[in-house]
Structures are given as structure tokens and as C-alpha cells.
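Enquirer: my questions concern the predicted model and sequence given below.
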Amino acid sequence: MDDVRQLVVAGAAAPWEGVEGQEQQRLGVTNACGLARNFVAVGIEVVVADVLTPETCDLYRQELPGCLIVHMTVSFPEALRRAASRKVWLTDDEFRMLHEADAANPPAADHRLQVDGLDVQSQTKKLERLWVG
């Protein structure tokens with residue numbers, strides 16, 4: 001999902017940066033859903049990874065009827081540990097604000113999956129079980 005959003009260079013705004021940021025966030029979801037529909041139309045299964053909010057969750061449901069939405073959560077200390085191994089895109093305040101906002105107002109997902117202590121392979125196996133039932 002970030003790759004789609006990175007197409008906006010001039011005037012790019014983060015979702016928490018007012019109306020423009022929220023509009024760009026919605027545009028990113030809409031564009032990701034368009035790509036997903038095109039792949040699904042030719043028989044390719046798609047996973048869209050995104051930071052969900054209640055609003056974007058609703059938009060995914062509108063744009064991709066029947067999609068499975070899994071809200072993956074992680075404790076703040078674990079989120080910090082994982083973030084330390086990646087390129088920094090957010091300030092410390094933004095990182096904390098996003099984590100707290102997710103905990104205070106989680107999206108209406110089909111499933112919630114707590115992933116502390118799970119490596120990528122374990123997370124993938126749990127997600128696969130949710131997908132195939």
C-alpha cells in the first residue's frame with residue numbers, strides 16, 4: 001500500500017495532516033482496491049497490507065465486497081523493537097500517536113490477530129488459516 005502512496009511526490013500529505021492527508025489516504029485505498037480488482041479478475045489472489053482505520057476499513061469493504069479484513073496488532077514495546085530494524089519514516093510522536101489511535105479506535109475487522117512473539121512465517125500461517133477457514 002505504501003508503494004501506491006509513494007506515487008504522490010509533490011504535495012504528499014500524511015493521513016494525520018488534515019483534510020489533504022485524509023483525501024490522499026482515501027485515494028490510496030481506492031487505487032489499491034482498483035489494482036486488487038484487476039488482479040482478482042484474472043484469477044490472482046491479492047493481499048493488501050495497510051494501516052487500517054475505521055474509515056479505511058469501511059472503504060475497503062465498499063471497494064472490495066467480500067474481502068477478508070484481518071487487524072494485526074502488536075504491543076507498543078514490540079512495535080518499537082520492530083521499527084528499530086527498519087528505515088524511519090515517522091517521528092517518535094507520530095509513531096506513538098498512530099499506535100494509540102489504533103488501540104483506542106480499532107477498525108471493524110473480521111478477525112484480530114495479536115502478533116507479539118510471532119515471526120513472519122508464524123504470522124503468515126495464522127493468516128492463511130483465517131483465509132481458508
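Expert: Right, received. Where do you want to start?

Enquirer: in contact with the residue sitting nearest the centre point of the chain, which residues?
Expert: The structure's the chain has its C-alpha centroid closest to residue 50; by CA atoms, centre = their mean the separation is 1.6 Å. When contacts are counted by CB atoms under 8 Å, 6 or more residues apart in numbering, residue 50 touches 1, 28-29, 32, 56, 60. (C-beta placed from N, C-alpha, C; glycine too.)

Enquirer: for the helix or strand hosting residue 79, which positions count as buried?
Expert: Using DSSP states H and E, residue 79 sits within helix 76-83. Neighbour counts over helix 76-83 (16 or more other CB atoms under 10 Å) mark 79, 83 as buried.

Enquirer: does anything pack onto it? Which helices or strands?
Expert: Counting contacts by 3 or more CB pairs under 8 Å, 6 or more residues apart in numbering; DSSP states H and E, helix 76-83 packs against helix 92-104.

Enquirer: stretch 93-112 spans what distance, first to last residue?
Expert: 25 Å (CA to CA, to the nearest Å).

Enquirer: who does residue 112 form a beta bridge with?
Expert: residue 71 (DSSP bridges).

Enquirer: hang on, isn't residue 106 packed against residue 71?
Expert: Yes. Between residue 106 and residue 71 there is a contact at 6.1 Å, judged by CB atoms under 8 Å.

Enquirer: output the below-cut-off pLDDT ranges for this structure.
Expert: 1-11, 133 (pLDDT under 70).
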